[in-house]
Structures are given as structure tokens and as C-alpha cells.
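>>> okay, here's the prediction I keep looking at, along with the sequence it came from:
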2 protein chains.
Amino acid sequence: MLHEEVVARLRDKLIDGVLPPGSRVPEKDLCAEFGVSRTPLREALKVMASEGYIVLLPNRGARVAKMTARNLEELFEVCGGMEALAGELACQYATDGEIAEIKALHDRMAEFYAVRDLAGYYPLNRAIHEAIVRATHNSVLMNLYENVSARIRRARFVVPMPPDHWKLAMAEHEAILNALQRRDAAVLSSILKTHLRNKCEQVERAGFAESDEPPPAPARAPRKSQTAKSQTAKALVEQIP
Amino acid sequence: MLHEEVVARLRDKLIDGVLPPGSRVPEKDLCAEFGVSRTPLREALKVMASEGYIVLLPNRGARVAKMTARNLEELFEVCGGMEALAGELACQYATDGEIAEIKALHDRMAEFYAVRDLAGYYPLNRAIHEAIVRATHNSVLMNLYENVSARIRRARFVVPMPPDHWKLAMAEHEAILNALQRRDAAVLSSILKTHLRNKCEQVERAGFAESDEPPPAPARAPRKSQTAKSQTAKALVEQIP
DNA sequence: GTCGGCTATTTTGCATTCAAAACCGCCGCT
DNA sequence: AGCGGCGGTTTTGAATGCAAAATAGCCGAC
């Protein structure tokens, strides 16, 4: 299944910021780069569009969905809701082994925190959240979570992580682990939601890195044409010249 | 955008059960029916697959995703989580006008309940839930909710709606409206989650209508081949002969 | 010098074509 | 009779081709 491969590679390019938000997605070039014909590439584009990574402009090709502050906020809201749900379900359905695994991840993360190794900390942080979602044994939730969290990751905000924020995040993680071990669904759910909200606020305060796009040519008059499927599309591309 | 049209029509065919779960999706026939070539049709299939409606079997075409009891349960769990989140957000962000609209829908629904008109009741029930989600002003949530709720609808369970269940559902709706009007996020969220859980239980008790598929040839030995992207795929097609 | 319109080129959307894999029916074999 | 192998047909996956739309370059008018 060639288009799957292309989706994966394209998604990585988006998340890594190789294709910056708002930029064109030139199918010819990508065909050359991936060594496939336009057919599977275009199939991949359709899928990515339905997942919200890119926006299709009729007869004008695809563009990387632009991440507005509002959009990021929406993603965080949804992600928080999903993690809260995941927490509840994990308390009910996680096996003891899965909880032990999460504790192991947590302990390793705590060690990185102890020496303030952010590069080591982050992947484990992410792994913990993913492990909690997996522990729900709900594959629908897993798939949706993967999509939403990847879209958030795509924003690649450069979070400075000031010491007090980091300390708070770590404390929240302690509480998360604790609630999970006690299988206290209400508490876990609530902490996870708070944890995400804090992360979101922190990102918003820092201002997320939407800066790597070509300097926006002084905005022209917006056009009216909008055939795109949802009212979202307009916001996500925001008036390409 | 031709493939969008095909996606919409195909989705309707799935939700209406014209293409029963587990059945093949014959691309040639559908091309003829929709009057398009295979290219846009196949693009649509890829999108539908990524949204979980169908499953792609390498070199063996597409099949309508089979709805197992477990899968339906997962969908209900996620849907419940989303509605709970929607309730919270709606309490924060809904305009008074939107709440008034929802009250209007509710009152109309109550009238149908009063005369026990199920056919009139259902669409309004759905409209209310959708209106609550819209009132979050969160387009990410709206899109995901639409996907999940459509996948649930596809199960087309024939719920008999015994009087006491219906009465309970109606009472819950009263509470929903009340909490929303008071903008009591915690209560609204909790009621919505309960409401969904009740609906799920009710469906499970009734046994959902997965009966319209061809009589399952007495299960053969399961095959090993699994190239599909997620472990979900296996469960969703369940050993096609 | 700048703006507007016209043509050439590129890019897109979809249809068609081609190769390979799966399916089907038949035959020979045990 | 039942089973396994074999050739023809169908179906799938991907590449190519073609028409229409958009873009870019160019020229002339103001």
C-alpha cells in the first residue's frame, strides 16, 4: 500500500517542520522525492486533508494547514478531553502490568528531571501519555489521540520550560501516577485535564513558533472564493495571495 | 473536488446500510453507479479507510468495516468522552442565543415525547447533541464528533426503546438542558456521559443489528497475513473467507 | 513607471492504460 | 469422490495521458 508509506513520510515532514505551515505542497516535487507517481501521492494528500494536516484548495493544490493560535487552543481542548477520558478508562481497564510499565517510564523520566535533562525528559513524557491512552484498550481512542497529538506536535512550539513550570509539570506527573496506581478515575481524569490546560497556557504565554514561514507578503485583500468543505478550511490557510 | 462527493455518497450508503458491514466494496460497480472513474473513487476509499469506515485489504480491495460489539463499545466510550467535553466547553463558550436554540429543540423534542412519536423524537435528539457540540465553537471537536457519531449511527441498532428507557432518556435531557442553562459545566458533563453510557448499555442489551450480513461461513482457520496499518484492522474485518 | 490584459507554461483533476496479484473453473491425480 | 495444481479472467495498484484551470511572463496603454 504505497499511499500509506507516503502518508507516513509526509506526516513526518509536516511534524518536523520541513514543510512549514501555509506552504505549498508541490506534488510534482514530492513525487520525485518519494519516487512514486502522482496517483498514490494524491491519495495521500486526500487522507492528510481529512485528518486536518493539510488543506486542499480546488484547482490550486494543497497547502500545509496553518496553525493559528485559536486552532492550537482547540486542539489542546480536545486533547485534554481525550486524555481525561483515557485516564478514566485506564483506571478501569489497565492491567497491573501496564500500570507498572507506566511507573517505570515515570521513574525514568523523574531521573531526567532530577538532572534537568530536557532532551531526555520529553520523549518519556510523551511515552507516558501514550501509554495511558494505550492502557484504555480502546483502539478508537488511540487512533484519534494519535491524530490530535501529532497535530499539536506539528506546532513545534519552542517551550522554554522555565524551572517553575517544569516543577509543576513534574508534580502533576507524580499525581498522575499516584492516581493511576490507586485507580482513582475521577482524580486522574481531572489531573490530566489540568495538566494539559497548563501545558496549553504555557505554550500560549510563550507564543508558539509559527515564525518559520516565509515573511507574509503584506496581506492583500482577502478573496471570496471558498469551496472548501468546512468553515475550518478558511481559517487554516488564511488567505493565500 | 470529485472525491469529496464520492466520500459523502459512500458514507451515506454505509450509514444507511446499503453496503452492509463486512461486504466488499466493488470499485467498478461504484464507479458505474457514481459515474466517475476509479481515480476519485479510490481516493475516497483511502479517506474512508483513514476515518475507520472501511478496511483496505492489500490486493484484495476494500470491505465495509465490521462492527463488533467491542468496537461499538469503544465508539460509545469515545463519543461519551467527547460529549462530556462538549458539555463543559459549551457551558463556557455557548452564546445565550445558542442555548436558546437548544432549548427550542428540546421543547420540540419534548412534544414528540409527549405523544410518543419516536420518528419525530430521534432527529431532534440528534440535533440537540449536535447543537451542543457546535456550541463549543471548537471546530476540531466538531469534526471528530461527526466522524465518531456517524460511525455509531452506522450500526443502525434497532433499539426498541421500551417506555422506561425512553422516560429515563427524556429525564436526562431535561437535566441536560437545565445544566446548560445554568452553565453548570461539571453537572452537564457528567450527565452527558451518563446519558451516553445508558444509551450504550441499552443498545448492548438489545443486541445491535449486525444481522444483515451474509451467513458467516463456518469460521475457518484464521490466516496470519496482516499488513494493515493497525491492530484494529484485524478486528474490523474478522477473517474474510 | 505602473497598471491591465493577453499568451505560454505549469499545475491540477480526472480518465485511461498497464502490470501484477487474486479469483475461478477445469483437469488430472490419488 | 476429494484434493491439488494450472491457465484464463477479473480485480487491484500504480503510472501515464489529457483537458481545464491557474500561474507567470510579457507587452502595450495610460
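Happy to help now that I have it.
>>> run through the residues of chain A sitting next to DNA strand C.
By C-beta under 7 Å from any atom of the strand, the part of chain A that sits against DNA strand C consists of A:24-28, A:38-39, A:42, A:56-62. Every C-beta, even on glycine, is put in place using the N, C-alpha and C of the backbone.
>>> near chain B, anything from the lengthiest helix in chain A?
Secondary structure of chain A per DSSP state H: the longest helix is helix A:69-93. Yes. Using C-beta under 8 Å from any C-beta of the partner chain, helix A:69-93 reaches chain B at A:N71, A:E74, A:L75, A:E77, A:V78, A:G80, A:G81, A:M82, A:A84, A:L85, A:E88, A:L89.
>>> got a list of what the residue of chain A found nearest DNA strand C touches?
Residue of chain A nearest DNA strand C, by C-beta to the nearest atom of the strand: A:G61 (2.8 Å). The neighbourhood of A:G61, defined by C-beta atoms under 8 Å, 6 or more residues apart in numbering or on different chains, consists of A:R24, A:V25, A:P26, A:E27.
>>> can you list which of the residues you listed are found in helices?
A:E27.
>>> now, which of the contacts of A:G61 sits nearest chain B?
Closest approach between the contacts of A:G61 and chain B, by C-beta to the nearest C-beta: A:E27, at 13.1 Å.
>>> neighbours of that closest one, just the number please.
Burial of A:E27 is recorded as 15 neighbouring residues (other C-beta atoms under 10 Å in any protein chain shown).
>>> stretch A:19-39 near chain B at all?
Yes. Using C-beta under 8 Å from any C-beta, a contact is recorded between stretch A:19-39 and chain B, made by A:T39.
>>> and the end-to-end length of that stretch?
21 Å (C-alpha to C-alpha, to the nearest Å).
>>> got it, and stretch A:179-193?
Terminal-residue distance, stretch A:179-193 (C-alpha to C-alpha): 13 Å.
>>> if we go by neighbour counts, what in the strand or helix carrying A:K167 is buried?
Assigning secondary structure by DSSP states H and E places A:K167 in helix A:163-182. Neighbour counts over helix A:163-182 (16 or more other C-beta atoms under 10 Å in any protein chain shown) mark A:H165, A:W166, A:A169, A:M170, A:E172, A:H173, A:A175, A:I176, A:L177, A:A179, A:L180, A:Q181 as buried.
>>> JSON lines for those residues, including pLDDT?
Formatted as JSON lines, the buried residues of helix A:163-182 follow (pLDDT from 0 to 100):
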{"residue": "A:H165", "pLDDT": "90"}
{"residue": "A:W166", "pLDDT": "93"}
{"residue": "A:A169", "pLDDT": "95"}
{"residue": "A:M170", "pLDDT": "96"}
{"residue": "A:E172", "pLDDT": "97"}
{"residue": "A:H173", "pLDDT": "98"}
{"residue": "A:A175", "pLDDT": "98"}
{"residue": "A:I176", "pLDDT": "98"}
{"residue": "A:L177", "pLDDT": "98"}
{"residue": "A:A179", "pLDDT": "98"}
{"residue": "A:L180", "pLDDT": "98"}
{"residue": "A:Q181", "pLDDT": "98"}
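>>> any stretches of chain A with poor pLDDT?
Counting by pLDDT under 70, chain A has low-confidence residues at A:158, A:208-241.
>>> ranges for the helices of it?
Under the criterion DSSP H, helices of chain A are mapped to A:2-15, A:27-34, A:38-50, A:69-93, A:96-114, A:118-134, A:139-153, A:163-182, A:185-206, A:231-237.
>>> want to throw those into JSON lines with distance to B:N138?
JSON lines is the format used below for the helices of chain A (distance: least, C-beta to C-beta, whole Å):
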{"stretch": "helix A:2-15", "distance to B:N138": "22"}
{"stretch": "helix A:27-34", "distance to B:N138": "31"}
{"stretch": "helix A:38-50", "distance to B:N138": "18"}
{"stretch": "helix A:69-93", "distance to B:N138": "5"}
{"stretch": "helix A:96-114", "distance to B:N138": "29"}
{"stretch": "helix A:118-134", "distance to B:N138": "20"}
{"stretch": "helix A:139-153", "distance to B:N138": "12"}
{"stretch": "helix A:163-182", "distance to B:N138": "23"}
{"stretch": "helix A:185-206", "distance to B:N138": "13"}
{"stretch": "helix A:231-237", "distance to B:N138": "10"}
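>>> please save the CA atoms from stretch A:10-17 in PDB.
C-alpha atoms of stretch A:10-17 as PDB (Å, rounded to 0.1, in the frame of the first residue of the first chain):
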ATOM      1  CA  LEU A  10       4.600  13.300   4.600                       C
ATOM      2  CA  ARG A  11       3.300  13.500   8.100                       C
ATOM      3  CA  ASP A  12       6.900  13.300   9.400                       C
ATOM      4  CA  LYS A  13       7.800  16.100   7.100                       C
ATOM      5  CA  LEU A  14       5.000  18.200   8.500                       C
ATOM      6  CA  ILE A  15       5.700  17.400  12.100                       C
ATOM      7  CA  ASP A  16       9.400  18.100  11.700                       C
ATOM      8  CA  GLY A  17       8.500  21.300  10.000                       C
END
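>>> which residues does that stretch contact?
Residues from elsewhere that reach stretch A:10-17 (C-beta under 8 Å, 6+ apart): A:19, A:25, A:30, A:44-45, A:48, A:53-54, A:64, A:150, A:153-154, A:156, A:212.
>>> most neighbours among those residues, which one?
Using other C-beta under 10 Å as the neighbour criterion, A:A44 leads those with 30 neighbours.
>>> excluding chain neighbours, give the residue nearest to that one in space.
Sequence neighbours aside, A:V6 is the residue nearest to A:A44 in space, at 3.9 Å (criterion: C-beta to C-beta, 6 or more residues apart in numbering or on different chains).
>>> run a quick neighbour tally on the one you found.
22.
>>> ok, back up a step: need the max-distance pair from the contacts of stretch A:10-17.
Comparing all pairs in these by C-beta to C-beta, the longest separation belongs to A:A44 and A:D212, at 23.3 Å.
>>> returning to that earlier point: adding distance to DNA strand D, write the contacts of A:G61 out as JSON lines.
Putting those into JSON lines (distance: C-beta to the nearest atom of the strand, whole Å) gives the following:
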{"residue": "A:R24", "distance to DNA strand D": "9"}
{"residue": "A:V25", "distance to DNA strand D": "13"}
{"residue": "A:P26", "distance to DNA strand D": "11"}
{"residue": "A:E27", "distance to DNA strand D": "10"}
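>>> closest one of the contacts of A:G61 to A:H106?
Closest to A:H106, out of all of these and judged by C-beta to C-beta, is A:V25, at 38.8 Å.
>>> ok, now which ones touch the closest one?
By C-beta under 8 Å, 6+ apart, the contact set of A:V25 is A:L10, A:L19, A:L45, A:I54, A:G61, A:A62, A:R63, A:V64.
>>> so which of those residues belong to strands?
A:I54, A:G61, A:A62, A:R63, A:V64 (DSSP state E).
>>> and which of the residues you listed is nearest DNA strand D?
Using C-beta to the nearest atom of the strand, the ones in strands among the contacts of A:V25 come closest to DNA strand D at A:G61, 7.7 Å.
>>> quick check, A:M1 in contact with B:V55.
No. The pair A:M1 / B:V55 is not scored as a contact, 11.7 Å apart, by C-beta atoms under 8 Å.
>>> neighbour count: those two, which is higher?
B:V55 (26 against 17).
>>> partner residues bridging the more buried one?
Bridge pairing for B:V55 (DSSP bridges) gives the partners B:R63.
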